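J.: got a predicted structure here, sequence first:
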Amino acid sequence: MALKILSVVGARPNFIKIAAICEAIKGVNSLASAKQIHHVLVHTGQHYDNNMSDSFFNDLELPKPDLCLGVGSASHSAQTARIMERFESAVLNEQPHLVLVVGDVNSTAACALVAKKTWCQGDQGAKDFIPKLAHVEAGLRSFDRTMPEEINRIVTDSISDYLFTTEESANQNLLREGIPENRIFFVGNVMIDTLLRHRSKAQESTILQDLQLAEGREVKPYAILTLHRPANVDDKRVFCHMLDAFLDISKRMPVIFPAHPRTLKRIQDEDLGDYFVDHFVPGPEPWDSRVRIRLVPPLDYLNFLHLMSEARVVLTDSGGVQEETTILGVPCITLRDRTERPVTLEHGTNVLVGSDSQKIITEFDRVYCNGQKLNRSPRYWDGNAAKRIIKVLVDDFLPERSLVASG
């Protein structure tokens with residue numbers, strides 16, 4: 001009997017994380033004469049823009065999804081309800097032994113709830129069962145319950161059977177919340193698995209030339225900006241104060257801003273176009289008084305990874321980018337007051353500044369003057385996290401046929 005796993009993806013960070021899981025499963029199946037794991041990949045359709053979804057399957061060599069739920073965009077409640085309704089049918093049709101969810105988006109919490117409320121039929125007269133639930137990237141906490149992601153994390157962790165963690169703080173958070181220790185597995189970071197696997201391939205990207213940031217082998221200094229959280233972009237006053245800081249930075253080096261569709265809509269709705277130029281059109285030189293923040297469309301994974309690898313500094317409110325810059329050794333200025341990934345602060349690559357424009361400029365000045373990259377990898381951020389996850393699952397479900405190395 002093969003272990004049947006139903007894995008869920010829905011948004012950009014999910015694709016990056018699930019790629020490592022798919023590769024680890026492929027490795028297990030290649031070691032046996034018969035397939036040990038029957039893997040079904042479900043795409044909820046939470047992100048449906050090509051650059052935010054489809055291109056990631058190509059860049060990361062992901063298999064095409066076995067099931068596409070096509071939920072699309074909506075309010076949190078409406079989107080969660082659509083995912084739950086459609087995913088329930090998938091669970092009933094597929095009858096998985098285990099549902100695996102990653103991260104903290106609406107697809108994560110919605111599918112977790114369905115998994116633990118759905119009865120499946122046992123094989124050959126065996127008892128009916130509720131699928132086990134595995135949460136990859138469990139235990140992270142910002143302690144800010146105004147963030148939708150925090151609610152998704154708490155809900156998912158509270159009902160999971162396997163909680164796979166990326167850092168020690170996550171282990172302690174789960175223990176404080178009463179999660180039994182035997183459900184918690186400190187395995188490392190699957191997002192870093194994917195980064196390390198594709199880093200050399202990303203070097204082939206021409207994004208620096210496309211954005212006029214390189215002449216031959218010489219790379220000009222530049223900053224990257226990513227911004228999408230409601231607390232930063234939904235209040236025009238807050239957003240404008242932050243943009244003033246980014247505009248100040250852009251007078252010293254180009255600020256490349258791959259705009260999230262949600263953020264781009266806010267820019268258009270609030271008529272904030274004067275802050276930006278389109279970097280794909282020949283524009284002003286960095287010393288020109290007309291210099292503005294360089295707005296570009298969302299980038300695919302490999303282009304963004306290469307752009308981030310060569311940046312002087314990254315300004316972001318993304319959780320995943322905090323992790324990626326830690327491994328790349330690129331200074332990261334996080335535009336939030338709290339982070340659910342404190343290990344990135346402990347290793348010196350990340351600093352929190354919130355939305356305060358003066359703090360943003362002060363921290364940029366410090367990084368600009370320092371100018372050196374940092375290289376300190378957290379424990380288990382070594383490219384083998386997914387192997388550790390699959391080993392745990394195979395050992396539990398198929399102990400007599402466990403072939404997975406611990407990595």
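T.: It's in.
J.: work out the gap between the helix or strand hosting N14 and the centre of the chain.
T.: Element membership of N14 [criterion: DSSP states H and E] is helix 12-30. Its chain's C-alpha centre and that of helix 12-30 lie 14 Å apart, by C-alpha atoms, centre = their mean, to the nearest Å.
J.: for it, buried residues please.
T.: Using 16 or more other C-beta atoms under 10 Å as the test for burial, helix 12-30 gives 12-25, 28-29. C-betas here are computed from N, CA, C, even on glycine.
J.: which ones are touching R262?
T.: With contact set as C-beta atoms under 8 Å, 6 or more residues apart in numbering, R262 has these partners: H228, V233.
J.: cool, and C332?
T.: For C332, the set of contacting residues under the criterion of C-beta under 8 Å, 6+ apart consists of V313, V314, L315, T316, V321, Q322, T325, T326, T344, T349, N350, V351.
J.: rerun at 7 Å
T.: If you count contacts by C-beta atoms under 7 Å, 6 or more residues apart in numbering, C332 has them with V314, T316, V321, Q322, T325, T349, N350.
J.: go on, K359?
T.: K359 makes contact with V353 under the criterion C-beta under 7 Å, 6+ apart.
J.: could you look up the SS state of it?
T.: The three-state label for K359, taken from DSSP: H, G, I helix; E, B strand; the rest coil, comes out as helix.
J.: picking that back up, okay if I get the contacts of C332 as a markdown table plus pLDDT, secondary structure and distance to D274?
T.: Formatted as a markdown table, the entries for those read as follows, by pLDDT from 0 to 100; DSSP: H, G, I helix; E, B strand; the rest coil; distance: C-beta to C-beta, whole Å:
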| residue | pLDDT | secondary structure | distance to D274 |
| --- | --- | --- | --- |
| V314 | 97 | strand | 24 |
| T316 | 97 | strand | 23 |
| V321 | 96 | helix | 26 |
| Q322 | 96 | helix | 30 |
| T325 | 95 | helix | 29 |
| T349 | 83 | coil | 33 |
| N350 | 93 | strand | 31 |
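J.: buried ones from those, can you make that a ChimeraX selection?
T.: Of these, the buried ones go into a single ChimeraX selection, burial set by 16+ other C-beta under 10 Å:
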select :314,316,321,322,325,349,350
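J.: report the two of the contacts of C332 separated the most.
T.: Within the contacts of C332, T316 and T349 form the most distant pair, 11.9 Å apart (C-beta to C-beta).
J.: how far away is F239 from S355?
T.: For F239, the distance to S355 equals 8 Å [C-beta to C-beta, to the nearest Å].
J.: could you do D66 as well?
T.: According to C-beta to C-beta, D66 and S355 sit 41 Å apart.
J.: neighbour count winner among those two?
T.: In terms of neighbours (other C-beta atoms under 10 Å), S355 is the more surrounded of D66 and S355; the figures are 22 against 14.
J.: L352 and K391: what is the separation?
T.: Using C-beta to C-beta, we find L352 at a distance of 35 Å from K391.
J.: so what pLDDT did G125 get?
T.: Reported pLDDT at G125 in the predicted model: 74.
J.: got it, and L264?
T.: On the pLDDT scale, L264 is placed at 88.
J.: related to what we said a few turns ago, helices or strands up against the helix holding N14?
T.: In this structure, helix 12-30 packs against strand 3-9, strand 37-43, helix 54-59, strand 98-102, helix 190-202, helix 385-397, with contacts taken as 3 or more C-beta pairs under 7 Å, 6 or more residues apart in numbering; DSSP states H and E.
J.: again, only this time at 8 Å
T.: In terms of contact count using 3 or more C-beta pairs under 8 Å, 6 or more residues apart in numbering; DSSP states H and E, helix 12-30 is assigned the packing partners strand 3-9, strand 37-43, helix 54-59, strand 98-102, strand 132-138, helix 190-202, helix 319-328, helix 385-397.
J.: by mean pLDDT, show me the worst of the ones you listed.
T.: helix 54-59 (a mean of 76).
J.: how far does the helix or strand following it sit from its chain's centre?
T.: Using DSSP H and E, the helix or strand that directly follows helix 54-59 along the chain is strand 67-68. Relative to its parent chain, strand 67-68 has a centroid offset of 20 Å by C-alpha atoms, centre = their mean.
J.: same check, this time on stretch 294-302
T.: Counting by C-alpha atoms, centre = their mean, stretch 294-302 is centred 15 Å from the centre of its parent chain.
J.: quick one: contacts of that stretch?
T.: Where contact means C-beta under 8 Å, 6+ apart, the residues beyond stretch 294-302 that reach it are 15-16, 49, 51-52, 55-56, 58-60, 198, 201-202, 204-205, 207, 211, 250, 254-261, 264, 267, 276-280, 283, 307.
J.: which among these end up buried?
T.: Neighbour-count burial (16+ other C-beta under 10 Å) applied to the contacts of stretch 294-302 gives 15-16, 51-52, 55-56, 59-60, 198, 202, 205, 207, 211, 250, 254-260, 264, 267, 276-277, 279, 283, 307.
J.: which ones among those residues map onto strands?
T.: When strands are assigned by DSSP state E, the members of those inside them are V255, I256, F257, P258, F276, V277.
J.: what about the first one, distance to D365?
T.: Distance check for V255 against D365: by C-beta to C-beta, it reads 14 Å.
J.: how about the fifth one?
T.: In this structure, F276 and D365 are separated by 23 Å, where distance is defined by C-beta to C-beta.
J.: equivalent analysis for the third one, please.
T.: Here the criterion is C-beta to C-beta. By it, F257 lies 20 Å from D365.
J.: and if you look at the second one?
T.: Counting by C-beta to C-beta, the separation of I256 from D365 is 19 Å.
J.: for L243, list the residues it contacts.
T.: L243 makes contacts with L272, Y275, I293, as judged by C-beta under 8 Å, 6+ apart.
J.: compute the number of surrounding residues for the second one.
T.: Translated: Y275. Neighbour count for Y275, taken as other C-beta under 10 Å: 17.
J.: so what's it closest to, chain neighbours aside?
T.: Sequence neighbours aside, L243 is the residue nearest to Y275 in space, at 4.8 Å (criterion: C-beta to C-beta, 6 or more residues apart in numbering).
J.: for the helix or strand containing that neighbour, buried residues please.
T.: Element membership of L243 [criterion: DSSP H and E] is helix 236-250. Applying a neighbour-count criterion of 16+ other C-beta under 10 Å, the buried positions in helix 236-250 are V238, F239, M242, L243, A245, F246, L247, I249, S250.
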